[in-house]
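Visitor: got a predicted model here, sequence first, then my questions.
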Amino acid sequence: MQKHRCGWCVGDPLYEAYHDTEWGVPLHDEQLLFEFLILETFQAGLSWITILRKRENFRVAFDNFDYKIVAKYNDTKKEELLQNAGIIRNKLKVNSAITNAQNFIKIQEEFGSFNTYIWSFVDGKQVQNSWPHYKDCPATTEISDMVSKDLKKRGFKFVGSTVIYAFMQAIGMVNDHEVGCFRYKEV
């Protein structure tokens with residue numbers, strides 16, 4: 001018997017694997033939080049499957065998303081990234097990845113970890129939603145608006161409320177699996 005999945009991922013094995021193993025699972029690892037933040041910022045204006053298909057290329061290009069290394073990228077490294085056909089070659093997004101890495105470290109210094117900071121917006125607990133269909137899910141919420149505003153105030157780029165809500169979904173701050181999805185109760 002086939003498992004019922006959220007409708008947005010059905011039909012693509014890469015999408016289904018991501019949905020089944022990662023999406024919506026509460027995440028607290030600093031490097032993975034940074035990875036998802038950067039991938040979501042690169043996704044702005046594009047589809048997630050586009051980013052997912054390039055994820056391994058991004059990992060190689062961005063030193064496995066080591067934010068301490070990314071924060072120190074220079075003009076030579078920026079140019080190398082802009083020539084890399086395996087990733088999204090957008091100058092503003094490449095520059096934002098570096099700026100966001102620097103600001104990620106500042107948040108760690110202020111709060112002890114980025115994890116502590118980001119999860120404080122939901123009091124450390126996953127928000128349980130109950131959408132019958134993925135299309136019922138909003139693109140933004142009051143919480144994503146607050147997080148976006150705060151990150152922008154701290155100098156982050158490409159962190160609009162829609163991008164931040166997608167980030168919150170990916171790292172499991174919210175459970176937006178469809179109620180009929182086999183992952184809904186698991187995460």
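Guide: That came through, no problem. Numbers count the residues shown, from 1 in each chain.
Visitor: count of neighbours near H133?
Guide: By other Cβ atoms under 10 Å, 12 other residues sit near H133. Heads up, the C-betas are built off the backbone N, CA and C, glycines and all.
Visitor: thought H4 was touching it, still the case?
Guide: No. Shown here, H133 and H4 do not form a contact pair, counting by Cβ atoms under 8 Å, at 11.6 Å.
Visitor: touching, R59 and F65? I think so.
Guide: Yes. Taking contacts as Cβ under 8 Å, R59 lies within contact range of F65: 6.5 Å.
Visitor: give me the common contacts of those two.
Guide: Between them, R59 and F65 share these contacting residues under Cβ atoms under 8 Å, 6 or more residues apart in numbering: E35.
Visitor: residues touching N100, list them.
Guide: For N100, the residues meeting the contact criterion (Cβ under 8 Å, 6+ apart) are 37-38, 41, 156-159.
Visitor: need those residues in TSV with pLDDT, can you?
Guide: Formatted as TSV, the entries for the contacts of N100 read as follows, by pLDDT from 0 to 100:
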residue	pLDDT
L37	98
I38	97
T41	96
F156	98
K157	97
F158	96
V159	97
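Visitor: looking at these, which has the most residues close by?
Guide: Compared across the contacts of N100, L37 has the highest neighbour count, 27 neighbours, by other Cβ under 10 Å.
Visitor: nearest residue to it in space, please, no chain neighbours.
Guide: Once its chain neighbours are removed from consideration, L37 has its nearest residue in F167; the separation is 6.0 Å (Cβ to Cβ, 6 or more residues apart in numbering).
Visitor: in this structure the one you found contacts I38, no?
Guide: No. Counting by Cβ under 8 Å, F167 sits too far from I38 to count as a contact (9.9 Å).
Visitor: please identify the buried residues of the strand or helix carrying the residue nearest to L37?
Guide: Under DSSP states H and E, the secondary-structure element containing F167 is helix 161-170. Within helix 161-170, the residues that qualify as buried are 161-170, counting by 16 or more other Cβ atoms under 10 Å.
Visitor: who touches the next helix or strand after it?
Guide: Scanning the chain past helix 161-170 towards its C-terminal end, the next helix or strand to appear is strand 174-175 (assignment: DSSP H and E). Here strand 174-175 makes contact (Cβ under 8 Å, 6+ apart) with 24, 122, 126-129, 141, 165, 168, 184, 187.
Visitor: and the helices in this structure?
Guide: Taking DSSP state H as the criterion, the chain contains helices spanning 13-21, 30-43, 48-61, 67-70, 75-82, 91-111, 114-119, 142-153, 161-170.
Visitor: show me what contacts the residue nearest to L37?
Guide: With Cβ under 8 Å, 6+ apart, F167 has these contacts: 36-37, 40.
Visitor: for it, give me the pLDDT.
Guide: At F167, the pLDDT value in this model is 98.
Visitor: so how far is Y117 from the residue nearest to I51 when sequence neighbours are not counted?
Guide: The shortest distance from I51 to any residue other than its chain neighbours is 4.7 Å, reached at Q43 (Cβ to Cβ, 6+ apart). For Q43, the distance to Y117 (Cβ to Cβ, to the nearest Å) stands at 21 Å.
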